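J.: sequence plus predicted model, see below.
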Amino acid sequence: MASELQGCEEAATGEMTTKVVLICGIDPSKEAASGVFAYTIGLAKALAKSEVQVKLVGIGSPGSLQSHGIDFVAVQERPTTSIQFLLSLMKAAPALNLSADTVIHAQRPDDLVPFCVFNPENPKVVTLHGSHADSIRVNKGDVAGQIYDQIESYALKRSGRIICVSKSTLSRFRGKYLGLSGRMKLVYAGLDLDELKPAIREGARAQLGLPASAKVLLYAGRLVEEKRVDVILKAFKQVEDKNEEAMLILVGGGKDEDALKNLTNSLSLKRVKFLPTAARSRLCLLISAADAVVIASKQEGLPTIAMESLACGTPVVSTPVGIVPEIVRDGVNGFLVSNIETLPEILEKALATSSSLSKNCVEAVRRFSWESIVKEVMAVYNEAS
């Protein structure tokens with residue numbers, strides 16, 4: 001009966017309706033300091049605008065998704081762990097009753113496993129936002145990392161296409177899975193350039209209650225070990241000692257939040273603010289209010305915050321991770337930190353030159369609008385089918 005209805009729909013419209021299920025362990029109703037969150041929600045909206053029939057399988061409640069014509073299925077009421085989400089997907093996958101032509105698009109390889117089991121014939125795509133195996137090794141040890149490698153290999157071998165969000169991610173996984181390199185394709189993450197656009201710094205600061213004369217550095221993301229926020233705090237200590245107008249704002253949460261607050265106190269830092277994860281509109285305001293955005297990670301898939309910052313006209317100071325070397329031109333729209341020991345002096349340089357660098361930021365990311373990127377993603381769907 002389902003195939004008959006599908007046939008009637010195609011006959012009436014004269015063309016097939018592309019159907020996509022996005023799999024991601026996020027709660028759309030709650031903003032998160034996560035590039036994967038921004039990618040998944042942005043892609044879902046862009047696909048819906050392109051008249052693709054979109055369903056998001058995730059956690060919690062749909063938020064504003066339904067107003068964009070996006071269906072939502074929750075497999076959990078609240079976030080727990082990635083393992084629990086995987087188990088919930090195992091239980092939920094058979095009940096989704098997906099037609100055989102529905103593209104299943106997961107945001108990490110392990111989340112694709114249930115659909116490899118219950119929907120073996122469906123076209124499958126996975127986006128690699130970086131290496132989860134590395135994060136697992138850092139947080140849970142080598143044995144857990146090796147187990148994840150096996151799960152990752154199982155899912156990727158059953159994926160029709162594998163999207164990599166940066167050249168570094170593409171290079172890394174082509175080296176790791178030589179036999180799958182032909183399935184891998186570089187497709188950058190998209191940006192909502194209507195939402196992410198420069199604002200007058202003074203006005204943004206006035207709305208946020210920040211001093212107009214302050215020299216503001218911003219970190220926005222998870223407060224976890226691999227982001228090296230402790231390194232940012234230690235570097236800022238040297239900046240604060242020399243510049244009484246310097247201020248550091250940390251936006252986000254995570255398991256290291258208490259430890260980082262304790263470190264702030266032990267360093268006797270006076271001008272550091274911790275703020276909770278911000279809604280998208282407020283994050284844009286914070287980025288616009290900053291003189292520079294700081295990233296100190298050892299490894300990233302993108303990171304999205306670098307792209308968002310440049311879109312808002314704010315220079316980026318970052319280690320050369322993910323897409324950063326492709327979009328940040330040293331001394332033009334930000335600074336690359338190849339040696340982390342030099343971070344304090346580079347932060348000082350960024351604060352001194354921010355105004356002159358801002359004009360060069362937006363052009364670096366204009367090509368990443370979702371209107372353009374979604375066409376590339378849909379081409380990948382066609383290849384996977």
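T.: Perfect, thanks for sending it.

J.: in this protein, what helix or strand scores lowest on average pLDDT?
T.: Lowest on mean pLDDT, DSSP states H and E among the helices and strands of the chain sits helix 2-13, with a mean of 43.

J.: how about the strands in the stretch 151-300 of the chain?
T.: All strands of the stretch 151-300 of the chain, identified by DSSP state E, counting those that start in this stretch, fall at 161-164, 184-186, 215-220, 246-251, 272-275, 292-295.

J.: can I get the ones you listed in CSV with mean pLDDT and mean neighbour count?
T.: Bear in mind the C-beta positions are built from the backbone N, C-alpha and C, glycine included. Shown next, in CSV, are the strands of the stretch 151-300 of the chain (pLDDT from 0 to 100; neighbours: other Cβ atoms under 10 Å):
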stretch, mean pLDDT, mean neighbour count
strand 161-164, 98, 24
strand 184-186, 97, 16
strand 215-220, 97, 24
strand 246-251, 98, 23
strand 272-275, 97, 16
strand 292-295, 98, 27
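
J.: which of those sits closest to K261?
T.: Proximity to K261 (Cβ to Cβ) singles out strand 272-275 among those, at 6.4 Å.

J.: list the contacts of stretch 175-184.
T.: 153, 156-157, 159-164, 170, 173-174 (Cβ atoms under 8 Å, 6 or more residues apart in numbering).

J.: buried set for that stretch?
T.: For stretch 175-184, burial by neighbour count (16 or more other Cβ atoms under 10 Å) applies to 177, 183-184.

J.: equivalent analysis for stretch 105-112, please.
T.: Going by 16+ other Cβ under 10 Å, stretch 105-112 has these buried residues: 105-112.

J.: what's the answer for stretch 126-145, then?
T.: Neighbour count says stretch 126-145 has 126-133, 135-137, 145 buried, by 16+ other Cβ under 10 Å.

J.: same deal with stretch 355-362?
T.: Result for stretch 355-362 [16+ other Cβ under 10 Å]: buried residues 357-358, 360-362.

J.: what's the domain layout of the chain?
T.: Under the assignment automatic domain parsing, the domains of the chain span 2-190+369-384, 201-367.

J.: just give me the lowest mean pLDDT stretch among those.
T.: Lowest mean pLDDT within those: domain 2-190+369-384, a mean of 90.

J.: tell me how far that domain lies from the chain's centre.
T.: Here domain 2-190+369-384 is found 13 Å from its chain centre; the criterion is Cα atoms, centre = their mean, to the nearest Å.

J.: burial of Q238, as a residue count?
T.: Using other Cβ atoms under 10 Å, the number of residues around Q238 comes to 15.

J.: and the spatially closest residue to it that is not a sequence neighbour, what does it touch?
T.: Spatially, and ignoring its direct neighbours in sequence, Q238 is nearest to P344 (3.9 Å; Cβ to Cβ, 6 or more residues apart in numbering). Taking Cβ under 8 Å, 6+ apart, we find P344 in contact with 235-236, 238-239.

J.: any idea which helix or strand comes after the strand or helix carrying E308?
T.: Element membership of E308, judged by DSSP states H and E, is helix 304-311. Downstream of helix 304-311, the next assigned helix or strand under DSSP H and E is strand 316-318.

J.: just the buried residues of the helix or strand just after that next one, please?
T.: Sequence order places helix 324-327 as the next helix or strand after strand 316-318, per DSSP H and E. Judged by neighbour count (16+ other Cβ under 10 Å), helix 324-327 contains these buried residues: 324-325, 327.

J.: what's around the closest residue to K359 other than its chain neighbours, how many residues?
T.: In this structure, K359 finds its nearest non-sequential neighbour in G313, 7.8 Å apart by Cβ to Cβ, 6+ apart. By other Cβ under 10 Å, 21 other residues sit near G313.

J.: right, I'll leave it there.
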